Every structure is written in structure tokens, then in C-alpha cells.
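Trainee: Fold the following.
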Amino acid sequence: MTITELRERLEALAEPRFQAFAASLIPDVQNLLGVRLPLLRKLAKEIACHHRELIFNEPTPPQSMEECLLRGMLPGYADKSVSCEQRLAEIAQFVPFITNWSICDSCCATYKFTRENRPVVWAFLQSYLQSAQEYEARFGLVMLLNHFIQDINWVEKIIALLPQLPCKGYYAEMAAAWLLSEINFKQPKLVSRLLLEDSALNSTIRMRTLRKIRESQKKVIRA
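Mentor: Residues are numbered from 1 along each chain as shown. Predicted coordinates for the structure are as follows:
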């Protein structure tokens, strides 16, 4: 497969109606073809098995959001022969291409190798978590949400770290609130002290976390 053939496949999978719907959900999205996420994941797995060099040797930037998503998914779908260090190096090359919440969250979900390599990935994430760049910070926070809060020992580290993070920008702040609200379901006592008005947590994040917790509680009551 060549990069031209890949782009032709993406265009063939695109749906105009889905493109219009997806574009309405993603602010400032550019070059969105309208390929559904399950189809992209299937294609990413195929490329990971047979055409990894197609993406990582391609010198030009992605021409569509879907191509960007494929690039971001490959480290997660690589086979076991690809080391954690190599995956992280590939992710580091990819992070600058994250320009919206959808790219960030969809790709973070594929990095399941993290759960077997948490100490290494935790160290890798620190520069992103401390970044004042909105989507770099969101990347770090969504990685914690997807792959660290399942272990109480890491939850305690996250709770200690959050008040120290800059979390600049709406999508970084919302990721922090999402992370805290999810932790609250499992360990409410750890979260409660961060939600006090005199805590060191950013006040905007605190308010958004409280809102998310209330919304989630309403959903539980309705169910």
C-alpha cells in the first residue's frame, strides 16, 4: 500500500452525512472526511500489522483528520515485538498533531500497553501534564483517565499531582474535571478534599468537577 492508496481508501470510506454530523461536534476541525471510528480502527490494525512504515516513513503531514487518527492509533495497535520505548517515541512524534478533543481521546484509548508499563509511561507523561499547551495537557490527563485510575496507588499520585498542574484552556480543564469525577466514583474521600473552596485545586476545575459529579448522580437516579 502507498500513501496515495491509503488516502483513496479513506475517501472511499467517507460518508458525507456523517462528516456533517461529526463536524458539528468537533470545534475548529479541519479536513474531516467523515469516516466512522470503527472503520478507522479496523484500518489502523491492518496498517499496524502490514504497513507500519507507510505512516512513520511518510515525510508529509497528515492530509485529513482521519489520516492523523491512523497515525495516532498505530503505537497502540502495534504487535508485541514493538517495545514500550519505541511506542512512546512514536507517540511523542504524534502528539503535536493533536488539534482537537476527538483526536486526543480516540488515540489515547488505544494505548493499552500503558497498563503493563505504568511507571515508564507515568514518567513520559509528566512533561505533557505540566504543559501550558491545551491539547498536550489534555493528552496527559486522558491517558491517566484511561490507564491509571484502575489502580488505587496511582490514584493517590494523581490526586497529589493535580493541584500542581497548569491545565490551561477549556479542553484541558474539562479533562481534569472528567478525571476527578471518575475517580470520585471509586474513591470519593480522596477527591472530596480537592473540592473544598480552600484547596489548591484550580477553582474552574473544581466547579466543573462538581458539575460533572452532579450530572452523573442525576443519571444514576434516573436509571
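Trainee: On the three-state scheme, C167 is what?
Mentor: coil (DSSP: H, G, I helix; E, B strand; the rest coil).
Trainee: in this structure, what spans have low per-residue confidence?
Mentor: Of all residues in the chain, those with pLDDT under 70 make up the ranges 54, 56-57, 218-223.
Trainee: what's the residue of it positioned farthest from its centre sitting at in phi/psi?
Mentor: Each residue of the chain has a distance to the centre, and by CA atoms, centre = their mean the biggest one is for D198: 30.1 Å. When quoted as degrees, to the nearest 10, the phi and psi of D198 stand at phi -100, psi 10.
Trainee: Tell me where the protein has strands.
Mentor: Counting by DSSP state E, the chain forms no strands at all.
Trainee: Tell me where it has helices.
Mentor: 3-13, 16-25, 37-50, 52-56, 65-77, 84-94, 101-108, 118-129, 134-147, 152-161, 170-186, 188-192, 203-222 (DSSP state H).
Trainee: Any chance of JSON lines for the ones you listed, columns distance to N31 and mean neighbour count?
Mentor: The way it works is simple: take the backbone N, C-alpha and C, and place the C-beta from them, glycine included. As requested, these are arranged in JSON lines below (distance: least, CB to CB, whole Å; neighbours: other CB atoms under 10 Å):
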{"stretch": "helix 3-13", "distance to N31": "11", "mean neighbour count": "15"}
{"stretch": "helix 16-25", "distance to N31": "11", "mean neighbour count": "12"}
{"stretch": "helix 37-50", "distance to N31": "14", "mean neighbour count": "16"}
{"stretch": "helix 52-56", "distance to N31": "17", "mean neighbour count": "15"}
{"stretch": "helix 65-77", "distance to N31": "6", "mean neighbour count": "24"}
{"stretch": "helix 84-94", "distance to N31": "16", "mean neighbour count": "16"}
{"stretch": "helix 101-108", "distance to N31": "12", "mean neighbour count": "21"}
{"stretch": "helix 118-129", "distance to N31": "24", "mean neighbour count": "16"}
{"stretch": "helix 134-147", "distance to N31": "17", "mean neighbour count": "24"}
{"stretch": "helix 152-161", "distance to N31": "34", "mean neighbour count": "14"}
{"stretch": "helix 170-186", "distance to N31": "19", "mean neighbour count": "21"}
{"stretch": "helix 188-192", "distance to N31": "39", "mean neighbour count": "14"}
{"stretch": "helix 203-222", "distance to N31": "30", "mean neighbour count": "14"}
